[in-house]
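Visitor: Have a look at this fold, sequence not included:
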């Protein structure tokens, strides 16, 4: 046995070993190349519009491909409005879920039930949310608008924000739960021993302790909301005018790309759309990196 | 004094109630969506729904065979591309925690995780569609694979981090070469974690529409050619849901039901695997 083992030792095996190590390194390098080339592709393909329209493209007010006018302002405003509105709507719910699962009911069937519900909310495809919102929610919003006496489109910023809020709740909620679980129990017990109620512990210990992490969670949800495409495209109404109120139809950067990309027949038109993609890419990447850095700092403390 | 204490306890209890209420309100939209999709969709599903392709408006008995087959092809090929690369990258990251390359590679994976799906669609359009002058299912698979990679890499890395070093060292002590330690010891130990990560990735992209808009594009007929445009379930739902015809809405509801059941099944399977082997993700 020993003898055969010695005999079969060969450089072939050593080579197999180093080949495997090299393969791992190559794969890791491929990841870096992939990320860099995604950015470079966007940059190169948006060059024609960067050259023709310059940086003022971002705050030009009109988007009219027929007359060759390209201004991204309506979409920037649309994106910011829908995302922030969705974020604000989602905050009470995601905080409530995080607090409930992280503090009140850490284990037990109720907590398991809620966790599963949250996971399912995250699992439903965005196109199904969009379809449902289009058929069920939009008529409800239209009724509401009739009662309020404002323009009755039904589709628009408000509808998009509502469905978007549902879709981003799970991210902030599950992250918030983990953060709250990380609060050292010595701190909480200290407060309890001084006679604090549960609400006071939450308000004066847990929430201040997790504040930076919770902010990061909101930032990550915002990143999700900015890039979400399908559900928004289906209910936002696809108008290239600057939205005048939260009831008016609009367009986000993602939805205008989804709608017009395959129709863009001129170089500048196509390239202007890609520039929107580039902006979207940069903004979401920066948001993600900042958010993750904050959370990493939080959990290492 | 006593009143003050009672007041504070009261506030605390009321707050707990409010938190519980808001927390469980999330189930409303979930139930509403699932209920409405099943209610409208289930009645549209019969045998011919699975075997026929969509009929023109006005004709009865259209199905979604083209989208079902297309979705299977596109997601399967994406899985074949993403799983090996993702696992190998995860191995690299867990084995070389501190190296410079690992830092950049991890950053790249983080960046890819944050890229909006529509942007991935644009990029793959320029890589594989424009260069070949035709939309293709393969380009759709590549776009989905790019979306799956971060999920698989992260779950592999996290799972393998938990495997105790002595197990690996025992392998080395017996004279196993590096690749055999990885393939025969580390990977089997982390199998369930990696598997559930891969399933999660499949579940995540199975319903993705945005990256397919400019890549797989859609096709009204059944196609088996990965190099030609192909229909997929989410694409079909999007196209028919935004059309003005009731017949097409019916098709879209049926397709939504199937997509919903598919995605939920994948999630439940992942859950069961995680539970069965007690993996922490």
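Guide: Noted; the coordinates are in hand. Computed from a predicted model, the values in this text were never measured in an experiment. Residues are numbered from 1 along each chain as shown, chains lettered A, B, ... in the order given.
Visitor: make it CA atoms for all contacts and neighbour counts henceforth
Guide: Fine.
Visitor: and residue A:85, that's in a strand?
Guide: No - secondary structure assignment (DSSP: H, G, I helix; E, B strand; the rest coil) places residue A:85 in helix, not in a strand.
Visitor: Give me the pLDDT value at it.
Guide: The model reports residue A:85 with a pLDDT of 96.
Visitor: quick one: contacts for it?
Guide: residue A:161 (CA atoms under 8 Å, 6 or more residues apart in numbering or on different chains).
Visitor: what's the answer for residue A:224, then?
Guide: Per CA under 8 Å, 6+ apart, neighbours of residue A:224: A:168, A:284, B:114, B:116.
Visitor: Nearest to residue B:89 among those?
Guide: Among these, residue B:114 lies closest to residue B:89 (CA to CA), at 17.8 Å.
Visitor: Could you verify my assumption that the closest one touches residue A:288?
Guide: Yes - judged on CA atoms under 8 Å, residue B:114 makes contact with residue A:288 at a distance of 6.1 Å.
Visitor: circling back to that earlier point, including neighbour count and distance to residue A:86, could the contacts of residue A:224 go into CSV?
Guide: Shown next, in CSV, are the contacts of residue A:224 (neighbours: other CA atoms under 10 Å in any protein chain shown; distance: CA to CA, whole Å):
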residue, neighbour count, distance to residue A:86
A:168, 26, 8
A:284, 25, 16
B:114, 23, 18
B:116, 25, 17
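Visitor: how near is residue A:123 to chain B?
Guide: For residue A:123, the distance to chain B equals 7 Å [CA to the nearest CA, to the nearest Å].
Visitor: That residue contacts residue B:266, correct?
Guide: No - the pair residue A:123 and residue B:266 does not pass the contact test of CA under 8 Å, sitting 9.5 Å apart.
Visitor: what sits in contact with each of the two?
Guide: Shared contacts of residue A:123 and residue B:266, counting by CA under 8 Å, 6+ apart, come down to residue B:203.
Visitor: residue boundaries of the helices in the stretch 201-301 of chain A?
Guide: Using DSSP state H, counting those that start in this stretch, the helices found in the stretch 201-301 of chain A span residues A:207-227, A:230-235, A:253-260, A:267-300.
Visitor: Of all these, which one is nearest residue B:276?
Guide: Closest among these, using CA to CA: helix A:267-300, at 28.3 Å.
Visitor: helices and strands around that closest one, which ones?
Guide: helix A:11-45, helix A:47-53, helix A:207-227, helix A:253-260, helix B:100-114, helix B:117-124 (3 or more CA pairs under 8 Å, 6 or more residues apart in numbering or on different chains; DSSP states H and E).
Visitor: The first one near chain B anywhere?
Guide: What that stands for is helix A:11-45. Yes - counting by CA under 8 Å from any CA of the partner chain, contacts between helix A:11-45 and chain B involve A:13-14, A:16-17, A:20-21, A:24-25, A:27-29, A:31-32, A:34-36, A:38, A:41-42.
Visitor: I'd like to know which elements that helix is packed against.
Guide: Short answer (3+ CA pairs under 8 Å, 6+ apart): helix A:11-45 packs on helix A:267-300, helix B:65-95, helix B:100-114, helix B:117-124, helix B:178-180.
Visitor: what angle separates the longest one from helix B:117-124?
Guide: Between helix A:267-300 and helix B:117-124, the angle formed by their directions is 130 degrees, by axes from the mean of the first three to the mean of the last three CA atoms, to 10 degrees.
Visitor: Distance from the chain centre to the helix or strand hosting residue B:272, please.
Guide: Using DSSP states H and E, residue B:272 maps to helix B:246-276. Relative to its chain's centre, helix B:246-276 lies at 12 Å (CA atoms, centre = their mean, to the nearest Å).
Visitor: Kindly report the same for stretch A:273-290.
Guide: Using CA atoms, centre = their mean, the offset of stretch A:273-290 from its chain centre is 11 Å.
Visitor: tell me which residues in it are buried?
Guide: A:273-285, A:287-289 (16 or more other CA atoms under 10 Å in any protein chain shown).
Visitor: which residues touch that stretch?
Guide: So stretch A:273-290 is in contact with A:39, A:42-43, A:45-46, A:49-50, A:72, A:216, A:219-220, A:223-224, A:226-227, A:253-254, A:256-257, A:260-261, B:110-111, B:114-116, B:119, B:122, going by CA under 8 Å, 6+ apart.
Visitor: on that earlier part again, which one, of the helices and strands packed on helix A:267-300, ends up nearest to residue B:167?
Guide: That would be helix A:11-45 among the helices and strands packed on helix A:267-300, by CA to CA, at 18.8 Å.
Visitor: Compute the inter-axis angle for the closest one and helix B:117-124.
Guide: Using the same axes, to 10 degrees: helix A:11-45 against helix B:117-124 is 100 degrees.
Visitor: what about helix A:11-45, average pLDDT?
Guide: Mean predicted confidence for helix A:11-45 is 92.
Visitor: where does chain A have its least confident helix or strand?
Guide: helix A:2-8 (a mean of 54; mean pLDDT, DSSP states H and E).
Visitor: so residue B:210 touches residue A:232, yeah?
Guide: No - applying CA under 8 Å as the test, residue B:210 and residue A:232 come out as separate, 11.2 Å apart.
Visitor: more crowded one of the two?
Guide: residue A:232 (33 against 29; other CA atoms under 10 Å in any protein chain shown).
Visitor: and the gap between the more buried one and chain B?
Guide: Distance from residue A:232 to chain B, by CA to the nearest CA: 11 Å.
Visitor: what pLDDT does that residue get?
Guide: pLDDT at residue A:232 comes out at 95.
Visitor: Need the phi and psi values for residue B:164.
Guide: Residue B:164 adopts backbone torsions of phi -70, psi 140, taken as degrees, to the nearest 10.
Visitor: per-residue pLDDT, it?
Guide: 89.
Visitor: Report the separation between it and residue B:3.
Guide: Distance, residue B:164 to residue B:3, by CA to CA, to the nearest Å: 56 Å.
Visitor: Can you pick out the residue with more neighbours from those two?
Guide: Shown here are residue B:164 and residue B:3; by other CA under 10 Å, residue B:164 has more neighbours (11 against 8).
Visitor: what about residue B:161, how many neighbours?
Guide: By other CA under 10 Å, neighbour count at residue B:161 equals 18.
Visitor: any idea how far the residue lying closest to it once chain neighbours are set aside is from chain A?
Guide: Spatial nearest neighbour of residue B:161, excluding adjacent residues (CA to CA, 6 or more residues apart in numbering or on different chains): residue B:94 at 5.8 Å. Between residue B:94 and chain A the computed distance is 11 Å (CA to the nearest CA).
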